[in-house]
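**Q** here is my input; please provide its structure:
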Amino acid sequence: MLATHISLGEKAGRPGYEADNPMNQKQAPHTSQSRFQASAIPAGALTGIRVLDLSRVLAGPFSAQTLADLGADVIKIERPKGGDDSRAWGPPFMPDSNGNASGESTYFHSVNRGKRSVTVDIAHPDGQALIRKLALQCDVLIENYKVGTLDRYGLGYEDLHTLHPGLVYCSITGFGQTGPYRARPGYDTIVQAMGGLMSITGEPDREPQRIGVAVIDVMTGLYATIAVLGALMNRHRTGVGQRIDLALLDVQFAGLANMGMNYLATGEVPKRTGNINLTVQPSGVFSCSDGQLMMIVGNNGQFQSLCKVLSLDQLARDARFASNALRVNNFQALHAVINAAFTQRPLAEWLAALETAKIPAGPINDIAQAFADPHVQERGAVIELEHETLGRIPTIANPIRYSDTNVRYQRPSPLLSQHTQEVLGELLGLNAETVKDLARRGIV
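**A** I've put the predicted structure just below:
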């Protein structure tokens, strides 16, 4: 599937910057209604919404990419030299059309499709003025600077809310806008450690483990998207935007789900149990004659079916395993019997038998095997986009499947500053000579 490379920006018909005085001309705030126009490309759920993405690395960019997938026009602000730090986070780097490493990190490409890149030096007063003017033309601003940084630049929530009361302003930090840790930098792994997640991840006799993906960053990106959509709905009713204070550590606690509730209800500290689920049994990794599978048996009916599949009639009648609670209490004895049965036949045979019996189970795939799965391919987990310099490149599809407002893969991840002239001309009325002068001065 190839995305069509398009430009979303329509002129809003409002006064723009004067070319000879680009930093001081007053400009009216953007309202999304002005850009709900007919298009040859089917509208996305967020068509007409414009997002100013001042975030870097993963959590904020992930959220902004999701909004872009849903149809929003996302403008990514980057440093004039170097851009988003994650552009250089490699290897691995994206291969060019000849298969050679391009210098474009795969990390950056994983969370920045659908955006337009504009470079602005926000440490310079004239750069700050540009950001203020761009914010007036946007519905949402996403940022993940340290607490207080944007306030010093006159780009904090109160500053922009005064100019544009309808702006939804989403701040993502490690520890939030309040509290004794608010000034600390926040990284996913540190938060996994501090919030208890590492303490319940890994084998019981080994050291705590981080999860293989920066899962708190990803969850924070999803919560940011949810929060933005909620704030936009509230603005639809009231006409007023608001600030979103989103902290990785808060998200980590929310993500503890039943494990957090287990502690709050009982006072007992959860421990690492590896692949053993001590809520539902039998569950875990089981060894076949030529490989391993993951299985979880969720109720008594499934347990009886499993006993039939494994030809373990005596297990079905064993009083120690008559209920889930008893199976949890006696899981070691239960696993010994089940493991011995699974070793008698190959993986494929067991998977087929378990599927027929409607018992949840699956192979333990590596990433290559997972992408090669025919069901995954049928669901379209990978799409291809046409990149400016790299040619056709793969990207992981958004999992949202709407019946009407389809996800829109509007463009691949942008080159650094690829859209500076386009955006500053389209939204702020700056001509090419003015932008060249700003570039000569290092502001863009």
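
**Q** pLDDT below threshold where in the chain?
**A** 1-28, 31-42 (pLDDT under 70).

**Q** the same query, at a cut-off of 80, please.
**A** 1-42, 97-99 (pLDDT under 80).

**Q** who's sitting farthest from the centroid in it?
**A** For the chain, the C-alpha farthest from the mean C-alpha position belongs to residue 314; by Cα atoms, centre = their mean, that distance is 47.4 Å.

**Q** so how far is residue 389 from it?
**A** In this view, residue 314 and residue 389 are 66 Å apart by Cβ to Cβ, to the nearest Å. In this view, the C-beta of every residue, glycine as well, is placed from N, C-alpha and C.

**Q** swap in residue 82?
**A** Distance from residue 82 to residue 389, counting by Cβ to Cβ: 18 Å.

**Q** can I get the lengthiest helix in the chain in CSV? Just the C-alpha atoms.
**A** Using DSSP state H to define each element, the chain has its longest helix at helix 215-238. Presented in CSV, the C-alpha positions along helix 215-238 are these (Å, rounded to 0.1, in the frame of the first residue of the first chain):
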residue,chain,number,x,y,z
VAL,A,215,6.5,0.6,26.9
ILE,A,216,5.9,3.5,29.2
ASP,A,217,6.8,6.0,26.5
VAL,A,218,4.4,4.2,24.1
MET,A,219,1.6,4.1,26.8
THR,A,220,2.3,7.8,27.5
GLY,A,221,1.9,8.6,23.8
LEU,A,222,-1.4,6.7,23.8
TYR,A,223,-2.7,8.5,27.0
ALA,A,224,-1.6,11.8,25.4
THR,A,225,-3.7,11.1,22.3
ILE,A,226,-6.7,10.2,24.5
ALA,A,227,-6.2,13.3,26.6
VAL,A,228,-5.9,15.5,23.5
LEU,A,229,-9.1,14.0,22.0
GLY,A,230,-11.0,14.5,25.2
ALA,A,231,-9.8,18.2,25.5
LEU,A,232,-10.9,18.8,21.9
MET,A,233,-14.3,17.4,22.6
ASN,A,234,-14.6,19.7,25.7
ARG,A,235,-13.5,22.6,23.5
HIS,A,236,-16.2,21.8,21.1
ARG,A,237,-18.7,22.4,23.9
THR,A,238,-17.0,25.3,25.6
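
**Q** which elements pack onto that helix?
**A** Packed against helix 215-238, as judged by 3 or more Cβ pairs under 8 Å, 6 or more residues apart in numbering; DSSP states H and E, are the following elements: helix 59-69, strand 140-143, strand 168-173, helix 188-194, strand 243-247, helix 248-255.

**Q** repeat the analysis, applying 7 Å as the threshold.
**A** Applying 3 or more Cβ pairs under 7 Å, 6 or more residues apart in numbering; DSSP states H and E, we find helix 215-238 packed against helix 59-69, strand 168-173, helix 188-194, strand 243-247, helix 248-255.

**Q** ok and that helix relative to strand 243-247, angle-wise?
**A** Orientation check (axes from the mean of the first three to the mean of the last three Cα atoms, to 10 degrees): helix 215-238 against strand 243-247 gives 160 degrees.

**Q** who's in contact with helix 215-238?
**A** Applying Cβ atoms under 7 Å, 6 or more residues apart in numbering, the set of residues contacting helix 215-238 from outside is 49, 58-60, 62-63, 66-67, 139-140, 142, 166, 168, 170, 172, 188, 191-192, 241-242, 244, 246, 248, 251-252, 255.

**Q** now do stretch 93-113
**A** Contacts of stretch 93-113 (Cβ under 7 Å, 6+ apart): 58, 61-62, 65, 68, 76, 84, 86-92, 385, 390-391, 393, 395, 409, 411-414.

**Q** same check, this time on stretch 184-199
**A** With contacts defined as Cβ under 7 Å, 6+ apart, stretch 184-199 is touched by 146, 173-175, 208-211, 214, 216-217, 248-249, 252-253, 256.

**Q** measure that stretch end to end?
**A** Stretch 184-199 stretches 22 Å from its first residue to its last (Cα to Cα, to the nearest Å).

**Q** now do the buried residues in that stretch.
**A** 184, 186-188, 190-192, 194-199 (16 or more other Cβ atoms under 10 Å).

**Q** which of those sits closest to residue 262?
**A** Of all those, residue 262 sits closest to residue 196, with 11.4 Å by Cβ to Cβ.

**Q** quick check: the closest one vs residue 214, distance?
**A** 17 Å.

**Q** just residue 79 next, same as before
**A** 22 Å.

**Q** which one's more surrounded, the two?
**A** residue 214 (21 against 18; other Cβ atoms under 10 Å).
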